[in-house]
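Asks: Fold the stuff below for me.
(one chain, ligands or ions: 1)
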Amino acid sequence: MASAAASTNLIESAKRAACRQAVANHFSPNFTYVGIGSGSTVAYVVEAIAELGPSVTGKMKFVPTGSGSTALIRNAGLSVLQVPDLLLEVGFHPESTDHQPIDIYFDGADEVDAELNCIKGGGACHFQEKLVSRLSKSFICVADSRKKVDRLLTNWTYVPVEVSPMGGEYVRRELLRLGSTDPKIRVSGPTFIRTITDNHNHIIDAPFPTLLLNSEADKLDPAKGLWTPDALLARIKKIFGVLEVGIFSGLNGPQVAQLSTDIEGVKPVKAYFGTPDGKVETLG
Ligand SMILES: O=C[C@H](O)[C@H](O)[C@H](O)COP(=O)(O)O
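Replies: Okay, the predicted model is just below:
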């Protein structure tokens, strides 16, 4: 049996392999703005991009999805541009024709289903991640193969929900009424203090049964706990006090570009999964 350290090494190598392939296939020296997500996996995307050197990356700007992501970009010697500054720089206004100024967005996920819908927010960053995803021409997901499932909430058991601290208990009660079993306000650190997000909010981790695929909407039956990703996302978003839900479903990059109206959820166009035997599987 492999030791714990050996299996951690295998997982880290799997993540690195997925990221290297994703960068090799999708990164272009012609990019101006690149979105960088949060978490442990996307660090290997930044590593691979930084290795290309300043002659390639020097004129590019990297748009982060939170404080961790900002530090990751800076520490790699790359240039950070926060979303509000990006929108000022590109002159983003109601008449703009380019709704997606970010050329590409790389990020990890907690789970990815067969239709590329994702659970995100295990690191409490899903609000800014969804913002950057909406502003990106395409979202490329990178992960190790443990994250690849047929349906969401198979191995990962809960939906991260970002809430106003004042409204936390209210939202928790509403989630219980929707059928979530024991939604909990997330705590962290040795003293179990409530996790504070980069947006100064709290996170509720709301367990739900395994979700259907969106293509199985004919089986939707919330009273029996049968939700599609789109339906559960839309329903949780309706609860007063919720900022954002860690379900990335619905439309993806090229489809969003055709819309100028507000849309729900932005899922990846492609996912790369590193396996422990050194291979990389793709979806999309
Ligand atoms: O809030 C965190 C993000 O959604 C992460 O992208 C997600 O949790 C995956 O993180 P990791 O790559 O560390 O598994």
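Asks: near the ligand, which residues of the chain?
Replies: Residues of the chain lying close to the ligand (Cβ under 6 Å from any ligand atom) are 37-41, 107-110, 120-126, 129. To be clear about C-beta, it is placed using only N, CA and C from the backbone, and glycine gets the same treatment.
Asks: Contacts only, for the one residue in the stretch 151-284 of the chain that gets nearest to the ligand.
Replies: Nearest residue of the stretch 151-284 of the chain to the ligand, counting by Cβ to the nearest ligand atom: Gly246, 6.7 Å away. Gly246 sits next to 110, 119-122, 126, 159-162 when contact means Cβ atoms under 8 Å, 6 or more residues apart in numbering.
Asks: Any regions of the stretch 1-150 of the chain where pLDDT drops low?
Replies: 1-2, 94 (pLDDT under 70).
Asks: just the strands in it please.
Replies: Shown for the stretch 1-150 of the chain, the strands assigned by DSSP state E, counting those that start in this stretch span residues 33-36, 61-64, 104-107, 111-112, 118-119, 139-144.
Asks: Which of those has the highest mean neighbour count?
Replies: strand 118-119 (a mean of 30; mean count of other Cβ atoms under 10 Å).
Asks: and this protein, what are its domains?
Replies: The chain is divided into the following domains under automatic domain parsing: 2-149+249-283, 158-246.
Asks: circling back to that earlier point, looking at the strands of the stretch 1-150 of the chain, which is closest to Asp85?
Replies: Proximity to Asp85, assessed across the strands of the stretch 1-150 of the chain by Cβ to Cβ, is greatest for strand 61-64 (8.8 Å).
Asks: ok, back up a step: now the strands of the stretch 1-150 of the chain in CSV, with distance to Ala50?
Replies: Compiled in CSV, the strands of the stretch 1-150 of the chain are given as follows (distance: least, Cβ to Cβ, whole Å):
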stretch, distance to Ala50
strand 33-36, 11
strand 61-64, 10
strand 104-107, 13
strand 111-112, 25
strand 118-119, 25
strand 139-144, 15
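Asks: which one of those strands lies closest to Asp198?
Replies: When the strands of the stretch 1-150 of the chain are compared by Cβ to Cβ, strand 61-64 sits nearest Asp198, at 9.6 Å.
Asks: by contact count, what packs against the closest one?
Replies: Packing partners of strand 61-64 (3 or more Cβ pairs under 8 Å, 6 or more residues apart in numbering; DSSP states H and E): strand 33-36, helix 67-75, helix 83-89, helix 126-134.
Asks: ok, the shortest one: who's next to it in the sheet?
Replies: The one in question is strand 33-36. Looking at strand 33-36 with DSSP bridges, its partner strands are strand 61-64 (parallel), strand 104-107 (parallel).
Asks: Show me how far it is from its chain's centre.
Replies: Its chain's C-alpha centre and that of strand 33-36 lie 13 Å apart, by Cα atoms, centre = their mean, to the nearest Å.
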